[in-house]
Structure formats: structure tokens, C-alpha cells
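> Need coordinates for the below:
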Amino acid sequence: MEGEEQTSIWNKETVPKVMKIVSTRLSQRDLISLLLVNPCLHRTLISYPSLWLAIDLREMNNAGDRLIAALSLPRYQHVKQISLEFAQDIDDSHLEVIKNKCLDSLQGLESLNLNGCQKISDEGIEAITSCCPKLKVFSIYWNVRATDLAVKHLVKNCKYIVDLNLSGCKNLTDKTLQLVADNYQELESLNLTRCVKITDSGLQQVLAKCSFLRSLNLYALSSFTDEAYKKISVLSHLRFLDLCGAQNLSDEGLSRIAKCKKLVSLNLTWCVRVTDVGVIAIAEGCTSLAFLSLFGIVGVTDKCLEALSKFCSNTITTLDVNGCIGIKRRSRDDLLELFPHLRCFKVHS
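Numbering: from 1, shown residues only. Down below sits the predicted model:
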């Protein structure tokens, strides 16, 4: 009897205390596995609502059916985040079912990741966003089926987006950026990587109206002109800027961008028109810079490195000058003299 009593105390008192501490450090998949161990553990875990605010189906098979099943469970009635990144077997039909049967479960959803879900089209995006009026973060990286219509549905259904990832959505045009500019003026993060159909006109609309942007990713977009890049200077809150492959960016344009004084991370990889003049302007204007890539720029020399050391030596931790043939090799000790906090320095071989 004594042994049974100790077991009972263990199950009723000790297990819940231990699990309350341990469960917050486990992944959702581990938590679900623990539910199957025994009824006591199941009851304990289910009693903590904060553990069931996210549904993680990344890279999983049968993701559409799994999502429908999860949203049908009481423990997910207040879910805040759903990730379907590169999940398999999910398409528009699943999202229609969710709209019709699980609408209430998504009323508080704040983050939705549909990255790499290639079978979801404009219709699916309309269905799922119609369930998520409080959505703040939306990501559809590498969705080649999405068009401007998908973004039209998004801005109609979700009024509070602050983080938008449209990377790799190659069918989006300036109409999308017009919609973003008109509806998301509180936007803080925008990723337009490889959105190859957008032009100066669309970008300038966003720059004119989305003044709270802290992160702007224009990776692998070579068609913008220097005039468009100059307008980036109005983003006084900007901290992250990726201009990799900006072939038309000149020193004049970069000097204007140097007015973004809060800039912490700047990628200028393959910005082939840039020289010391532009980089020195960045060094003088952006004194909080921690990450800078000058990869592949043959027009820069040690002069820009000296300027960066003078103005940014206390902040720079990563500097990439691979392919910058005008910058001479240095020993580790020499580099640490210039940049005492440097952790990563990549120099051409």
C-alpha cells in the first residue's frame, strides 16, 4: 500500500511539477510523443494551454490532413503560429476544408508560414487568410502559383501584417507592391527576393508609404535603377538591407542610403559599380554597422577598410571582402587591430 501511495503522490504532484519545467524546453513534436506515454502525463501536458499555441508541420508528409486533424482538437483552439514550411500533401482543398470546419480555431492566429507549399494557389490563400483576421506574419517563399490576386485577398482579409515574405514569388508585379503600400503602412519587414517582375515604380510606392520598415530584402533583383535605390534613404528605421546583385547601384545611390543611420546589416555582394566613395559614405553614416558584405566588388580598396575601422570598429563583427582584389591580405592580429570585435572575416584567396 505504501508503494502505491508513493506512486500516486509521484503522479499527482511530482510529475506535473517536473513537466511544467521540462515541457517549455521541448519541441512540439517531442510534446506530442509524450502525450502517448501514459494518461497521467497526457492530462498534465494538456492542462498547460501555453504549450499548444503552435502547430509545426515543417517538411512533414500528409500535412493537409494533419493540419485539419490538429485544428479539430480542443487543445489547439487558441493557436498563434502555424508552420507548413516545405510540408508535403497540402493543397487548396485542405485550406477550403479548414475555412469551412475550423474557422474558430484560427481567429487568433498571428503567424502563418506557407514557404515552399507549391500546390497552394490564389484560391487557397484566399481561403486560409479569410480565417485569420489577426495575422501579423505571412510567408509564402517560393510559391510560383501565387499572383497579385493572392495579395489582394491577403490585404482584404488580414489588416495587421507587419512581416511579409514574398521571396521567390516570380509572378507578382507592381500591383502587389501597390496593394502593400496602400494597406500595410505599419509594415516592418518585407522580402522581395527574386520577385523579378517588380520595377522601380512598385518599389518606390512601398518606400514612400511604408516608412516603418526595419528590414528590406531585395536580393537578386538587378533591374532597379539608381533612382529607386536613392529613395531607400527615407527609411529612418531600417536596420537590415540586402542589395545583393544590385548592378545599377552607384556610389551616389549608396551615399544616399548612408542616411539610414540605424543600419546594422548591409549586403552589397556583386554591387559592381560601387567603389571606395560609396563604402566610405556608409562607414561615416552607419556607425552601428555589424555585418557588411562587399563580396565581388573590385572597385574597393584598403581606403574603405580604413574608413570602416575609423567609424565602425566597435560594432563590426562580420566583414566579407572575398573577390575584392584591391584589398590586401592581412593577418588575424592585423584585422583585430582594425576591428576588435570581428568574429568572421572572409578575404579573397
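> residue ranges for the helices of the stretch 51-200 of the chain, please.
Ranges of helices in the stretch 51-200 of the chain, per DSSP state H, counting those that start in this stretch, are 63-71, 92-101, 122-129, 148-157, 174-183, 200-209.
> distance of residue 315 from residue 60?
40 Å (C-beta to C-beta, to the nearest Å). (Glycine included, C-beta is placed from N, CA and C.)
> before we move on, what about residue 132?
21 Å.
> out of those two, which sits in the more crowded spot?
residue 132 (22 against 17; other C-beta atoms under 10 Å).
> For that one, which residues are in contact?
Counting by C-beta atoms under 8 Å, 6 or more residues apart in numbering, residue 132 touches 106-107, 109, 112, 157-158.
> need these in TSV with distance to residue 209 and neighbour count, can you?
As requested, the contacts of residue 132 are arranged in TSV below (distance: C-beta to C-beta, whole Å; neighbours: other C-beta atoms under 10 Å):
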residue	distance to residue 209	neighbour count
106	28	23
107	28	13
109	26	25
112	24	22
157	20	17
158	17	23
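> between those, which is nearest residue 193?
Residue 193 lies nearest to residue 112 out of the contacts of residue 132, by C-beta to C-beta, at 18.7 Å.
> The closest one touches residue 136, doesn't it?
No - look at residue 112 against residue 136 with C-beta atoms under 8 Å: they stay out of range, at 9.4 Å.
> show me where the stretch 101-250 of the chain has strands.
Along the stretch 101-250 of the chain, the stretches classed as strands by DSSP state E, counting those that start in this stretch are 111-113, 137-139, 163-165, 189-191, 215-217, 240-242.
> So for the protein, the centremost residue is which one?
residue 165 (6.4 Å; C-alpha atoms, centre = their mean).
> Who are the contact partners of it?
Residue 165 makes contact with 115, 138-141, 189, 191, according to C-beta under 8 Å, 6+ apart.
> Excluding residues flanking it in the chain, which one is nearest it?
Excluding the flanking residues, the one nearest residue 165 by C-beta to C-beta, 6 or more residues apart in numbering is residue 139, at 3.7 Å.
> I'd assumed residue 115 was in contact with the one you found.
Yes - checked against C-beta under 8 Å, the pair residue 139 and residue 115 is within contact range at 5.4 Å.
> quick one: low-confidence ranges for the protein?
1-20, 22-23, 32, 34-38, 42, 347-349 (pLDDT under 70).
> can we see that at 90?
1-51, 322, 328-336, 344-349 (pLDDT under 90).
> which one of the helices of the stretch 51-200 of the chain is the most hemmed in?
Burial of the helices of the stretch 51-200 of the chain is given as mean neighbour count (mean count of other C-beta atoms under 10 Å); helix 122-129 ranks first at a mean of 23.
> Distance from the chain centre to that helix, please.
21 Å (C-alpha atoms, centre = their mean, to the nearest Å).
> Repeat that for stretch 243-254.
23 Å.
> before we move on, what about stretch 286-306?
On C-alpha atoms, centre = their mean, the centre of stretch 286-306 falls 25 Å from the chain's centre.
> ok so, going back, of all the helices of the stretch 51-200 of the chain, which one is nearest residue 242?
helix 200-209 (13.6 Å).
> what does that closest one rub up against?
By C-beta under 8 Å, 6+ apart, the surrounding residues in contact with helix 200-209 are 173-178, 180-182, 185, 190, 192, 213, 218, 224-225, 227-228, 231-232, 234-235.
> make it 7 Å
174, 177-178, 180-181, 185, 190, 224-225, 227-228, 231-232, 234-235 (C-beta atoms under 7 Å, 6 or more residues apart in numbering).
> go on, stretch 135-142?
Residues contacting stretch 135-142 (C-beta under 7 Å, 6+ apart): 109-116, 129, 146, 154, 158, 160-169.
> Tell me the bridge partners for the residue nearest to the centre of the chain.
Beta-bridge pairing of residue 165 under DSSP bridges involves residue 139, residue 191.
> I'd like the distance from it to residue 291, if you could.
When residue 165 is compared with residue 291 (using C-beta to C-beta), they lie 20 Å apart.
> Equivalent analysis for residue 175, please.
From residue 175 over to residue 291 (counting by C-beta to C-beta), the distance is 33 Å.
> likewise residue 144?
For residue 144 relative to residue 291 (C-beta to C-beta), the value is 30 Å.
> quick one on the thing from earlier: now the strands of the stretch 101-250 of the chain as a markdown table including distance to residue 30?
Formatted as a markdown table, the strands of the stretch 101-250 of the chain follow (distance: least, C-beta to C-beta, whole Å):
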| stretch | distance to residue 30 |
| --- | --- |
| strand 111-113 | 20 |
| strand 137-139 | 24 |
| strand 163-165 | 27 |
| strand 189-191 | 29 |
| strand 215-217 | 31 |
| strand 240-242 | 32 |
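> of all those strands, which lies closest to residue 271?
Using C-beta to C-beta, the nearest of the strands of the stretch 101-250 of the chain to residue 271 is strand 240-242, at 10.9 Å.
> show me the contacts for residue 238.
213-214, 216, 260, 262-263.
> Name the nearest residue to it, ignoring sequence neighbours.
residue 260 (4.4 Å).
> quick one: secondary structure of that neighbour?
What DSSP: H, G, I helix; E, B strand; the rest coil gives for residue 260 is coil.
> Straight-line length of stretch 107-125, end to end?
16 Å (C-alpha to C-alpha, to the nearest Å).
> Ignore what I typed, I meant stretch 127-144.
From the first residue to the last, stretch 127-144 extends over 18 Å; the measure is C-alpha to C-alpha.
> Thank you kindly, that will do.
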